[in-house]
Each structure stands twice: as C-alpha cells, then as structure tokens.
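Engineer: Kindly generate the corresponding structure for this input.
(4 chains)
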There are 2 protein chains.
Amino acid sequence: MTLGQKIRELRERNQMLQRELASKLEVGDGYLSKIERDQKIIKREHLKTLSTIFKCPLKELEALWIATKVYDIIKYEETGLEALRVAEEQIKYNKTYAKV
Amino acid sequence: MTLGQKIRELRERNQMLQRELASKLEVGDGYLSKIERDQKIIKREHLKTLSTIFKCPLKELEALWIATKVYDIIKYEETGLEALRVAEEQIKYNKTYAKV
DNA sequence: ATTGACTTGACTTAATTCGGTCAAATATAG
DNA sequence: CTATATTTGACCGAATTAAGTCAAGTCAAT
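Structural biologist: Numbers count the residues shown, from 1 in each chain, chains lettered A, B, ... in the order given. Reported below is the predicted structural model:
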C-alpha cells in the first residue's frame, strides 16, 4: 500500500470526487490525481488535513509518507533491499548509542 | 557501519592521510573530513574511484551510499522503522507485479 | 610552542526538487 | 454523442540540496 493508494481509498470510501478533495486541500485536481498515482508526493502538512477529513490516524499517513520517500530512493536500485537492511542497522545502532 | 566509517577504515588501513585521499578524489581535505563523519555525502561517481583505490567491491560501497541516503530521511522520524518496513513491502510488491 | 592532521562553521554557486498550474487527451456513463 | 471525471505532459518560480571551498580552530605529539 502506497500513500497515493491510501488517499484514493479514503476518498472513494467517502464518495468524494478528486475535485472536491482537491478543493479542500486547496490544490488543483490535476495535482491530486498525480498524488493518488504516486507521481508527486503531497506536502507533509496536508496529511493533517487528510487525517481530519477522513478520521484516519495521522501516524499511519506519516509512516506511508516517509515510506514513499524511501521507496523513491531505492526503487531503481539493485541493492535496494540490502540498503534498507543497512539503514535499519544504522538506526538501531544509533538508538542504542544515541548521542544526547 | 556507515559509509563515512567505511571510507575512514579503508583509508586508515592503507595508511593514507585525508589530504592524500582527498587529492586522489580531487576534493578539499575539509570536505573529505566531513564525508568521513557523515556530515556530507560523497558524490556517487566517487565510489568508483574509492573501489579502485582500495580494491573494495563497488556494490558494497553503493549499498552503504544508498543506506546513508535512506537513513538521512528517517533518522529523526519516530515512525522510521515502521516506514522502512512499509517501503520494503512496496519494493517487494513491485518486484512481483513489476509493470514492464 | 610548533607542526601536522583533522574538524568545524560560514559561505557559495549550480543543480535539483518541491509544489504546484493548465490545457489537452482519455476514459467512463448515460 | 455529450457530459463528467480523471490522467498526462509541459511548464513554472521558489525553495532546498549538492558539492564543494576556505580559513580558523582543535588536538596530539615532539
């Protein structure tokens, strides 16, 4: 599940048109279309609005938002999955020995 | 292990000064210092040079390079680890149903 | 206290990404 | 065929990041 898919799902479940949701977010509908197709990534602040409109936990949207950014980096990389594991190691290591 | 740590390790194992390695890479030594401390991220092409100089597999350096980029995104995120898992899911999904 | 190796902070310029818009093209439904 | 919804490509200015440099500062050993 990508962020775009999630947004589309939420919108459709609420029988809302792209035009309607776009106007609530104060963006053009062409832009929203791209967001739902993960061709563009939404501004982070918009997540709050989405969370309110659809009564969806903000944390969940944020995790998807970050994941999309990460995915954009590794999607064309052969060593993508390995890199993910290394990054995970790094974050775990740094949690343990966090420099205050 | 971060990319910076790796580079330092390789350099020291070869008893090379920052100044020497920097000149091989054709950058200033102040810059190399930052790279070894992961304050800056090296240009991707430099990895080839490093791989040649130190006889170190390019793939390994590349995985570290990508991991550092990913880590930069998630390091301050509460949901960082969860986001990694979501991204992993996305890449796996997309490998399976890859649109040619 | 001088040297040599390294670190740091402030700065710069060029390139890239962000956050969109708009009009034309394409489904889809009636 | 017409209307409505969505998608796409080209484009845009603003903001951010990349890729460094340089000089001053630190730190250890002599």
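Engineer: quick one: the helices in chain A?
Structural biologist: Across chain A, reading from the start of the chain, the helices by DSSP state H fall at A:3-13, A:18-25, A:29-36, A:46-54, A:58-74, A:80-96.
Engineer: nearest spatial neighbour of residue A:66, skipping sequence neighbours?
Structural biologist: Excluding its sequence neighbours, the residue lying closest to residue A:66 (Cβ to Cβ, 6 or more residues apart in numbering or on different chains) is residue B:83, at 3.8 Å. C-beta coordinates here come from the backbone N, C-alpha and C atoms, glycine included.
Engineer: Run through the residues of chain A sitting next to DNA strand D.
Structural biologist: Proximity of chain A to DNA strand D, by Cβ under 7 Å from any atom of the strand, involves residues A:17-19, A:29-30, A:33-34, A:36-37, A:39.
Engineer: could you flag which of those residues are buried?
Structural biologist: Buried members of the residues of chain A next to DNA strand D, counted by 16 or more other Cβ atoms under 10 Å in any protein chain shown: A:18, A:34, A:36.
Engineer: For those residues, could you give me JSON lines that also reports distance to residue B:7 and pLDDT?
Structural biologist: Supplementary listing: those in JSON lines, determined by distance: Cβ to Cβ, whole Å; pLDDT from 0 to 100:
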{"residue": "A:18", "distance to residue B:7": "47", "pLDDT": "95"}
{"residue": "A:34", "distance to residue B:7": "38", "pLDDT": "96"}
{"residue": "A:36", "distance to residue B:7": "41", "pLDDT": "97"}
